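1. model this:
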Amino acid sequence: MEGDTPQVPVTQKVQPGVKEVPQTPQQPPIVPQTPPESTPPPKPEKRLKTKKGVLFLIFIPVLILIAYGIFIATTYWNCSKTTPQACEMGKCGFSPSGFSFVSDMKDNCCGNTLCEEDYETSSDCPEDCPSCDDNSKLTVDSFSYQTQKCENIATHYFIEDFEEGKTSIDKKVNWKIMDDQGNKVLDCPGKEIGGVQNDWGNFGYADWTNYKSELRFKLVENLEGFGFHFFSKEDQGYIVDIRERKITLKKGGQQSRVEVSLEPFDFKLDEWYVLKTEKTENNINIYIDDTQVFEYKDSQPVNTGQLRIETFGDGHVRLDDISIKK
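-> Numbering: from 1, shown residues only. Take a look at the predicted model:
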């Protein structure tokens, strides 16, 4: 338009010596924006400790397995060097506690120090089974397969068969051992010899108790017979009186005897008989050849005493196989 003049930017006057600088419009200050908050990553030190703990937990079982393996190998090595003994079968057996030597004895093997029932005896295998004979007639000798030891059980107080030509009977003048059809027997002629008649023979001890007696006897030449004393103690005890054709049970001693029972019996000359006496508490039983001839109950029994044999008058008697059983 007319009259308009173009506008010229106005410059400010500046002080002399000061350079004029054109002014630029000021921009608003830029404020830096922070990112939204987030979980910070784990620190490197904690992560390292976690890895060490895991490695430690893995290492312990491995170490234990290695040690156990060494132990098992050692026990196997020691076991494999074990040499079985004679008559022994062995092998290395495994268990969690290691290898150990397991042995089994062979059956019926003489020399393995094991006496086996139904297989070995002292005669065929003395190395395993000892001879249990104690050279005593008063015991029953046996070998126990359970304990592997000898057992010598005393069953008798007295046993004599006179076969060795001697006796432990304390006899007087007339008793002697002689031969009777191939057997050794104890003989007393009964006749007066050296001024002695009604001869005695004692055996056993006064404290013997609870026994049974058995003997064989034979009347020779006549029936005068003999007396057998049992539980004899001082002036007490019992006597089986055998003479003529009767058998009598008496009680007492040498000075005083009381007849308690009498039975007839048809004894014959030169014939062997077996006499048995049994006493249980106050009950007394007498047998001849397993036939009971007396059953007597004593209200005042004699419970201990020795034994004695006695001849009557001219009675000639022979005795054999005397046994006193507990």
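
2. all helices for the stretch 1-150 of the chain, in order.
-> When assigned using DSSP state H, counting those that start in this stretch, the helices of the stretch 1-150 of the chain occupy the ranges 44-80.

3. where do the strands sit along it?
-> For the stretch 1-150 of the chain, applying DSSP state E, counting those that start in this stretch gives strands covering 88-95, 98-105, 139-144, 149-154.

4. do the same with the stretch 151-300 of the chain
-> Assignment of strands within the stretch 151-300 of the chain using DSSP E, counting those that start in this stretch yields the ranges 156-160, 170-171, 176-180, 183-188, 200-203, 212-220, 226-233, 236-243, 246-252, 257-264, 272-280, 283-288, 291-297.

5. now render those strands as JSON lines, adding mean pLDDT, mean neighbour count and distance to Q146.
-> Where you see a C-beta, it was placed from the backbone N, CA and C, and this is true even at glycine. Output for the strands of the stretch 151-300 of the chain, formatted as JSON lines (pLDDT from 0 to 100; neighbours: other C-beta atoms under 10 Å; distance: least, C-beta to C-beta, whole Å):
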{"stretch": "strand 156-160", "mean pLDDT": "96", "mean neighbour count": "19", "distance to Q146": "25"}
{"stretch": "strand 170-171", "mean pLDDT": "80", "mean neighbour count": "16", "distance to Q146": "42"}
{"stretch": "strand 176-180", "mean pLDDT": "94", "mean neighbour count": "14", "distance to Q146": "42"}
{"stretch": "strand 183-188", "mean pLDDT": "94", "mean neighbour count": "21", "distance to Q146": "39"}
{"stretch": "strand 200-203", "mean pLDDT": "88", "mean neighbour count": "18", "distance to Q146": "37"}
{"stretch": "strand 212-220", "mean pLDDT": "96", "mean neighbour count": "20", "distance to Q146": "29"}
{"stretch": "strand 226-233", "mean pLDDT": "93", "mean neighbour count": "23", "distance to Q146": "37"}
{"stretch": "strand 236-243", "mean pLDDT": "94", "mean neighbour count": "22", "distance to Q146": "41"}
{"stretch": "strand 246-252", "mean pLDDT": "94", "mean neighbour count": "19", "distance to Q146": "45"}
{"stretch": "strand 257-264", "mean pLDDT": "91", "mean neighbour count": "13", "distance to Q146": "47"}
{"stretch": "strand 272-280", "mean pLDDT": "96", "mean neighbour count": "17", "distance to Q146": "32"}
{"stretch": "strand 283-288", "mean pLDDT": "96", "mean neighbour count": "18", "distance to Q146": "36"}
{"stretch": "strand 291-297", "mean pLDDT": "95", "mean neighbour count": "14", "distance to Q146": "39"}
